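Q: No sequence on hand, only this structure:
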């Protein structure tokens, strides 16, 4: 098989400068070349997988911090355990009252006097 292919290659493809390397001399050379290429590919894929596992996935402590930032229920559970009865309606009312206090304080501090509103006429 190899000799027939080699003759065909030499006869028809004389324009290729490395035509002897296209078809291997024997099966042993073909096998060693296959092992080299496959081994390099395997090492490359394992290295890429290690890099992805090491740097692409967050660690458990980062996941814990993100969960605490996202979920107020989980944050409350982390702070007090399973001992507190949490009422979301009361918590939302308390937050809205606090926001309204902050807004009114900002409006009071940013309010201009009557002279500044009318350009100092009054």
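A: Alright, I've got the coordinates. Note that the structure is predicted; figures quoted are calculated from it, not measured.

Q: switch to C-alpha atoms for all contacts and neighbour counts from now on
A: Fine.

Q: and the helix or strand where residue 41 lies, what other elements does it pack with?
A: Under DSSP states H and E, the secondary-structure element containing residue 41 is helix 27-55. Helix 27-55 sits against no helix or strand, with contacts defined as 3 or more CA pairs under 8 Å, 6 or more residues apart in numbering; DSSP states H and E.

Q: what's downstream of it, the next helix or strand?
A: Along the chain past helix 27-55, the next helix or strand (assigned with DSSP H and E) turns out to be helix 60-70.

Q: which residues touch that following helix?
A: Contacting residues not belonging to helix 60-70 are listed as 74-75, 78 [CA atoms under 8 Å, 6 or more residues apart in numbering].

Q: what is the mean pLDDT for the helix holding residue 41?
A: In this model, helix 27-55 has an average pLDDT of 91.

Q: Tell me how far residue 57 lies from residue 63.
A: Taking CA to CA, to the nearest Å as the measure, residue 57 and residue 63 are separated by 10 Å.

Q: got it, and residue 32?
A: Between residue 32 and residue 63 the distance, using CA to CA, works out to 46 Å.

Q: Also residue 44?
A: The separation that residue 44 has from residue 63, given CA to CA, amounts to 29 Å.

Q: ok, back up a step: return the closest of the contacts of helix 60-70 with respect to residue 111.
A: residue 75 (37.5 Å; CA to CA).

Q: and the closest one, what element?
A: When secondary structure is defined by DSSP H and E, residue 75 falls within helix 72-80.

Q: can you state the direction angle for the very next helix or strand once past that helix and helix 72-80?
A: Following the chain from helix 72-80 toward its C-terminal end, the next helix or strand by DSSP H and E is helix 88-110. Calculated by axes from the mean of the first three to the mean of the last three CA atoms, to 10 degrees, helix 88-110 forms an angle of 90 degrees with helix 72-80.

Q: packing partners for helix 88-110?
A: For helix 88-110, not one helix or strand is in contact under the criterion 3+ CA pairs under 8 Å, 6+ apart.
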